[in-house]
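> here's my sequence, what's the structure:
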Amino acid sequence: MSNNLWSRREFVKRAGTTAGTVAVGFGLADLLAACGSTSAPAATGTGNLEIFSWWTGPGEKEGLAQLFNFYKQKYPNVTIVNQAVAGGAGSNAKAVLATRMQGGQPPDSFQVHAGQELISTWVKASKMEPITSIWNAAGWDSVVPKDLKDIVSSNGDIWSVPVNVHRGNALWYNKKLLDSKSVNPPTTPDEFTSALSTLKSKGIATPLALGSKGNWQVQMLLENNILAAGGADFYKKIMSAQASFTDPPVKQALTWIKTWLKYANTDNSAIDWDEADNRIISGKAVFQVMGDWAKGDFTTKKWVPNVDYGVVPSPGTTGKYMIVCDTFGIPKGVKDHSNAVAWVQVCGSQEGQAAFNPLKGSIPARTDVSPSGFDVISQQFMAEFKTDTLVPSSAHGSATPQNFANGVNDELGQFLIKLDVNATASKLQSLSDEFLKTS
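Modelled structure (predicted):
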């Protein structure tokens, strides 16, 4: 991955509603034992710790609760205030956060995707304090890959700590149903098209589950397909305005989506990704392209990996790893600064990441967490993370500005209706001209 900073952007405000406080408990003995290290002696912190996120879905809230559990073990006298905002893949949360940050009432720490989602907004606006000294004191250089450190760094300082790494280019499938139809998991886009056609001919009306509420899921399809059609170098060039969205790989990526939509549920704009998961679980569909937070959802719904469901890289992207990374930093002027520092330390710790990631469906950002506490698919991803070509997601705020991603979402909503490949490619290039070339 390039060490250069990605393009700058601003947040687009949207409406949202916050949640209240959360009660947290204990029960991390098994996970901490699997991690292979012990926690530091408990500190004597008091007061509150207000954490802001959009982790309210299946797997997400359970993973966050485990991270809270570990914090409470270390700081039992601190009251955790869980300000989670549901909906919109974080767009609702970002709108509420923007109001608070601009109004001088920041939470003690907030979830933010690694990269431009933080650096080109709140860091640029001088609303964040660097965590460089925390990072260096903890020795995270030795356990966090340099590519990830580079993404969360700017102007010689580090601004947030990665708590996990999600894989955005994953094709999930109902293993028992796929096996019963004698269809192999596809590895290329053409194989995927063939598999969808075969499954439909064998009685599954909509073999592709798609929840496109908000259209960010379709943007994930697009970026994965661009990676498949053009490779990692082209992907990085196009996301930094060094290639055109009217180039053949993008049109091929859109054409694949257009083809696959014939096999998807027609109510896709009314449902979200976790509801698409339910279509796979119920056997109404077989496939879904989604990040590995889907695995966290499957886990909470008692589905067993490599028994009930399986996964392969999104068609055509074997050997590449689309990074979607959640991080936490510290805003300037927080009410409970020492508690916020302790939270960042917990998020970056070996024990904290071992507690959080198995339920979230992600893998640790640290490379020294034992795989023994993870399921077989996460263990596979942990190994591939160390060898695959890493590319940052545009749909999830690392590779490109937020305004660009929002514009792509809007254009892809129109694409789902009109299915005009050439017109959509031209409009995407206009967005690149506006938000990538000029930033």
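> what's the end-to-end length of stretch 76-93?
In stretch 76-93, first residue to last residue: 27 Å (Cα to Cα, to the nearest Å).
> what mean pLDDT does that stretch get?
Stretch 76-93 shows a mean pLDDT of 88.
> buried residues, that stretch. List them.
78, 80-93 (16 or more other Cβ atoms under 10 Å). Every residue, glycine included, has its C-beta placed from N, CA and C.
> from these, which is closest to residue 433?
residue 91 (23.6 Å; Cβ to Cβ).
> now do the helices in the stretch 51-200 of the chain.
For the stretch 51-200 of the chain, helices defined by DSSP state H, counting those that start in this stretch occupy the ranges 60-74, 91-102, 116-118, 132-138, 146-151, 175-180, 189-201.
> nearest to residue 374, of those helices?
Nearest of these (Cβ to Cβ): helix 60-74, 12.4 Å.
> break the protein into its domains for me.
29-165+326-369, 167-322+393-436 (automatic domain parsing).
> comparing those, which yields the minimum mean pLDDT?
domain 29-165+326-369 has the lowest average pLDDT among the domains of the chain, namely a mean of 89.
> mind jotting down where the helices sit in the stretch 201-350 of the chain?
Going by DSSP H, counting those that start in this stretch, the stretch 201-350 of the chain shows helices at 216-238, 248-260, 273-282, 293-300, 337-347, 350-360.
> using CSV, list the CA coordinates for the shortest one.
What that stands for is helix 293-300. Extracted C-alpha coordinates of helix 293-300, given in CSV (Å, rounded to 0.1, in the frame of the first residue of the first chain):
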residue,chain,number,x,y,z
TRP,A,293,-18.9,-8.5,9.9
ALA,A,294,-21.3,-10.9,8.2
LYS,A,295,-19.5,-13.7,10.0
GLY,A,296,-20.1,-12.0,13.3
ASP,A,297,-23.8,-12.0,12.5
PHE,A,298,-23.7,-15.7,11.5
THR,A,299,-21.9,-16.4,14.8
THR,A,300,-24.6,-14.8,16.9
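> so how far is that helix from its chain's centroid?
The chain centroid and the centroid of helix 293-300 are separated by 13 Å under Cα atoms, centre = their mean, to the nearest Å.
> skip the chain neighbours and tell me the closest residue to residue 339.
residue 49 (4.3 Å; Cβ to Cβ, 6 or more residues apart in numbering).
> contact partners for the one you found?
Neighbour list for residue 49: 71, 75, 78-81, 108-109, 336, 339-340, 342-343 [criterion: Cβ atoms under 8 Å, 6 or more residues apart in numbering].
> helix/strand/coil for it?
Under DSSP: H, G, I helix; E, B strand; the rest coil, residue 49 falls in the strand class.
> just grab the bridge partners of it for me.
Under DSSP bridges, the beta-bridge partners of residue 49 are residue 80.
> the domains of the chain: which one's closest to residue 387?
Judging these by Cβ to Cβ, what sits closest to residue 387 is domain 167-322+393-436, at 8.2 Å.
> just the helices of the stretch 51-200 of the chain: most buried one?
helix 116-118 (a mean of 26; mean count of other Cβ atoms under 10 Å).
> what pLDDT does the model give the residue most central in space within the chain?
With distances taken as Cα atoms, centre = their mean, the residue of the chain nearest its centroid is residue 324 (3.8 Å). At residue 324, the pLDDT value in this model is 93.
> what are the bridge partners for it, then?
Here residue 324, judged by DSSP bridges, has bridge partners residue 166.
> is it in contact with residue 162, as I believe?
No - between residue 324 and residue 162 there is no contact under Cβ atoms under 8 Å: 10.8 Å.
> for residue 133, give its distance to residue 435.
33 Å (Cβ to Cβ, to the nearest Å).
> who are the neighbours in contact with residue 205?
Per Cβ under 8 Å, 6+ apart, neighbours of residue 205: none.
> from residue 395, how far off is it?
For residue 205 relative to residue 395 (Cβ to Cβ), the value is 28 Å.
> what do you get for residue 160?
19 Å.
> please apply the same query to residue 314.
For residue 314, the distance to residue 395 - Cβ to Cβ - is 12 Å.
> ok, now residue 137?
34 Å.
> how many residues are close by residue 433?
Residues contacting residue 433 under the criterion other Cβ atoms under 10 Å number 13.
> helix, strand, or coil at it?
helix.
> nearest residue to it other than its sequence neighbours?
Nearest to residue 433 is residue 241, by Cβ to Cβ, 6+ apart, at 7.9 Å.
> my guess is the one you found contacts residue 434. True?
No - with contact defined as Cβ under 8 Å, residue 241 does not count as touching residue 434 (10.3 Å).
> more neighbours, these two?
residue 241 (19 against 14).
> next, give phi and psi for the more buried one.
phi 60, psi 30 (degrees, to the nearest 10).
> re earlier: the residue nearest to the centre of the chain and residue 409: what is the separation?
Applying Cβ to Cβ to residue 324 and residue 409 gives a distance of 16 Å.
> quick revisit: among the helices of the stretch 51-200 of the chain, which is nearest residue 427?
helix 91-102 (20.3 Å).
> who are the packing partners of the closest one?
strand 47-53 (3 or more Cβ pairs under 8 Å, 6 or more residues apart in numbering; DSSP states H and E).
> who has more neighbours, residue 160 and residue 395?
Just comparing residue 160 and residue 395: by other Cβ under 10 Å the higher neighbour count belongs to residue 160, 33 against 27.
> residue contacts, that one?
112, 114, 118, 131, 152, 327, 328, 329.
> okay, the residues you listed in JSON lines with distance to residue 318 next?
Output for the contacts of residue 160, formatted as JSON lines (distance: Cβ to Cβ, whole Å):
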{"residue": "112", "distance to residue 318": "30"}
{"residue": "114", "distance to residue 318": "24"}
{"residue": "118", "distance to residue 318": "31"}
{"residue": "131", "distance to residue 318": "35"}
{"residue": "152", "distance to residue 318": "27"}
{"residue": "327", "distance to residue 318": "27"}
{"residue": "328", "distance to residue 318": "32"}
{"residue": "329", "distance to residue 318": "34"}
